[in-house]
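*Asks:* 3D, please:
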Amino acid sequence: MLVKEAMRAGTEWVEPGFTVTDMAVKMRDLSIGSLAVCNDGKPVGIVTDRDIVLRCCAEAKDPAKITAEEIMTKNIAWCYVDQKIEDATHLMEERHVRRLPVLDRGEQLVGFLSVDDLSRNGSFNLAGEVIKAAVAH
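*Replies:* Residues are numbered from 1 along each chain as shown. Here you go, the predicted model:
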């Protein structure tokens, strides 16, 4: 199976200058837990709801002044839409992540592949391996 057969196509993203407040509102409104941070459609980082809590709120920083660039995880792992699902899953295990940005061959963000996507598509063993690796981290 290829990543494009399991992934969630279409995704929301923000630019590096978006404030934490704006990201939190967007996450709430869309009922999502993470946003890709992109320059010209190319991912340069990712911000999760956990990043907002740990890197902004817990440090008593002003969410109206702190930007995505300041709290995002950089050097993110990603996969291509036409990669084998097993290769993407291995990368998720290696990097201890539960979701991967998915890029087309022009390196534009086209979606995300998550543990939930793996489960929804019947790849329970692969999903279990990713969760086990993420929890161990």
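*Asks:* so residue 68 touches residue 43, yeah?
*Replies:* No: in terms of CB atoms under 8 Å, residue 68 does not count as a neighbour of residue 43; the distance is 11.5 Å. (C-beta placed from N, C-alpha, C; glycine too.)
*Asks:* Between these two, which has more neighbouring residues?
*Replies:* Neighbours per residue, other CB atoms under 10 Å: of residue 68 and residue 43, the larger number sits with residue 68, 26 against 20.
*Asks:* what's the pLDDT at that one?
*Replies:* The model reports residue 68 with a pLDDT of 98.
*Asks:* Check residue 97 too.
*Replies:* Per-residue confidence (pLDDT) for residue 97: 88.
*Asks:* Need the three-state assignment for it.
*Replies:* coil (DSSP: H, G, I helix; E, B strand; the rest coil).
*Asks:* and what of residue 44?
*Replies:* Taking three-state DSSP as the rule, one finds residue 44 in the strand state.
*Asks:* From what I see, it and residue 78 are in contact.
*Replies:* No: here residue 44 does not reach residue 78: they are 10.7 Å apart, not a contact under CB under 8 Å.
*Asks:* So for these two, which sits in the more crowded spot?
*Replies:* More crowded of residue 44 and residue 78, by other CB under 10 Å: residue 78, with 20 against 17.
*Asks:* Distance check, the more buried one against residue 94.
*Replies:* Per CB to CB, to the nearest Å, residue 78 is found 13 Å from residue 94.
*Asks:* what's the answer for residue 83, then?
*Replies:* Taking CB to CB, one finds residue 83 at 14 Å from residue 94.
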